[in-house]
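> show me how the following folds:
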Amino acid sequence: MRDDAGINGTPSSAIALSYACRRLKRAYLLHAFWFMTMCGFAWLHRDGPGLKIAVLLALLTVPPVLVCASRVHRLCRAIDPRAGTIGLAPMLVMTVVFTPFESGLIVPAKNWWVARRLLRRFAAAHEAFAASGPAQCGMILGPQPEPMSMPAHAKLDYVEFPARDLDATKRFFAQAFDWTFEDYGPDYVAFANQGLDGGFYRADLQARSEAGSALLVFYSARIEETLAKVEAAGGTILKPVFEFPGGRRFHFAEPSGNEFAVWSDPAD
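Reported below is the predicted structural model:
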């Protein structure tokens, strides 16, 4: 999706940026707290070796916060190439010209502020697109294999799952169900055009019905063939094919442990 203000991307790109902003905020607050603590320590020990130790310790949180700021910059530029964020090269220049303390405090705050403004613009453009259609709100769609359906107000539109091994999860769904993915940094992947768009975020959690999680169910016209593909791709069959009122189904877990099901019509 692209509007006349230069905003690109899909809801999954905005979600990835939102995750990155939250991580940057946490890293920045930790850095600011640690920096102020080391300033106090340095003041108390300004006449002894404690001053040098405090300065060195204050540098510990600079690299993580700059890495998070750099990731936010990349995601912002993917949505809006003209976003006023600061990239890795200018960060390094600021670190050399000024000090790591200035770059660690100024750059992340700048990138976070720009990212939050961009997310608000993206949300407003997406709502206008859904309400008015591409012709009225100035959107230009890229090539689509079929007409693009607009999100409907107050209807399910997106689903997310945890995944402890994103690479294994991607390989499984690509082999078993021919899914394609788009990466948004090292901790988030999105899928689309699978009946319901969604994504996987890196986390040591599992969505299981036995724990009260929602269960997403595929449809298959040839359930035995689908079961064989799931097993061949490395899935674990939790419940073999069984009958239920209305058809047949089986449950499986993908490599990260999330539970899904497949249903089919009743056997002839």
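> hmm, who's touching stretch 224-242?
By Cβ atoms under 8 Å, 6 or more residues apart in numbering, the list of residues contacting stretch 224-242 from outside reads 168, 171-173, 175-177, 218, 220, 223, 248-255, 259, 261-262, 264. For glycine as for every other residue, the C-beta is placed from the backbone atoms N, C-alpha and C.
> let me know the average pLDDT across it.
Stretch 224-242 shows a mean pLDDT of 96 in the predicted model.
> ok, back up a step: what about the contacts of stretch 224-242, which are in strands?
With DSSP state E as the criterion, strands contain Phe218, Arg248, Arg249, Phe250, His251, Phe252, Ala253, Glu259, Ala261, Val262, Ser264 from among those.
> got a list of what the residue nearest to the third one when sequence neighbours are not counted touches?
Closest residue to Arg249 apart from its sequence neighbours, by Cβ to Cβ, 6 or more residues apart in numbering: Trp263 at 4.0 Å. Applying Cβ under 8 Å, 6+ apart, we find Trp263 in contact with Val217, Phe218, Tyr219, Ser220, Ile223, Phe244, Gly246, Gly247, Arg248, Arg249.
> so which of those comes closest to Pro81?
Taking Cβ to Cβ as the measure, Pro81 lies nearest Phe218 of the contacts of Trp263, at 37.3 Å.
> show me which of the ones in strands among the contacts of stretch 224-242 are buried.
Phe218, Arg248, Arg249, Phe250, His251, Phe252, Ala253, Glu259, Val262, Ser264 (16 or more other Cβ atoms under 10 Å).
> count the neighbours of Arg74 for me.
15 (other Cβ atoms under 10 Å).
> can you give me phi and psi for it?
Backbone geometry at Arg74, expressed as degrees, to the nearest 10, gives phi -60, psi -40.
> quick check: it vs Asn111, distance?
For Arg74, the distance to Asn111 under the criterion Cβ to Cβ, to the nearest Å works out to 10 Å.
> do the same with Phe218
Taking Cβ to Cβ as the measure, Phe218 and Asn111 are separated by 39 Å.
> and the residue nearest to Ile15 when sequence neighbours are not counted, how many residues sit next to it?
Sequence neighbours aside, Gly199 is the residue nearest to Ile15 in space, at 6.6 Å (criterion: Cβ to Cβ, 6+ apart). Residues lying near Gly199 (other Cβ under 10 Å) number 23.
> over to the one 5 residues further on?
Under the neighbour criterion other Cβ under 10 Å, Asp204 is assigned a count of 9.
> what does Asp183 give?
12.
> residue contacts, it?
Counting by Cβ under 8 Å, 6+ apart, Asp183 makes contact with Val189.
> that one bridge partners, please.
Under DSSP bridges, the beta-bridge partners of Asp183 are Val189.
> quick one: it and Val230, what's the gap?
Relative to Val230, Asp183 is positioned 24 Å away (criterion: Cβ to Cβ).
> and Val241, which of the three is it?
Secondary structure, DSSP: H, G, I helix; E, B strand; the rest coil: Val241 is strand.
> and it, how far is that from Glu224?
Relative to Glu224, Val241 is positioned 7 Å away (criterion: Cβ to Cβ).
> looking at these two, which one has more neighbours?
In terms of neighbours (other Cβ under 10 Å), Val241 is the more surrounded of Val241 and Glu224; the figures are 17 against 12.
> just the contacts of Trp263 now: which is nearest Val107?
Sorting the contacts of Trp263 by distance to Val107 puts Phe218 at the head of the list, at 44.6 Å, by Cβ to Cβ.
> any idea what the residue lying closest to the closest one once chain neighbours are set aside is bridged to?
The spatial neighbour of Phe218 that comes closest, neighbours along the chain excluded (Cβ to Cβ, 6+ apart), is Val262 at 4.5 Å. Taking DSSP bridges as the rule, Val262 bridges to Phe218, Phe250.
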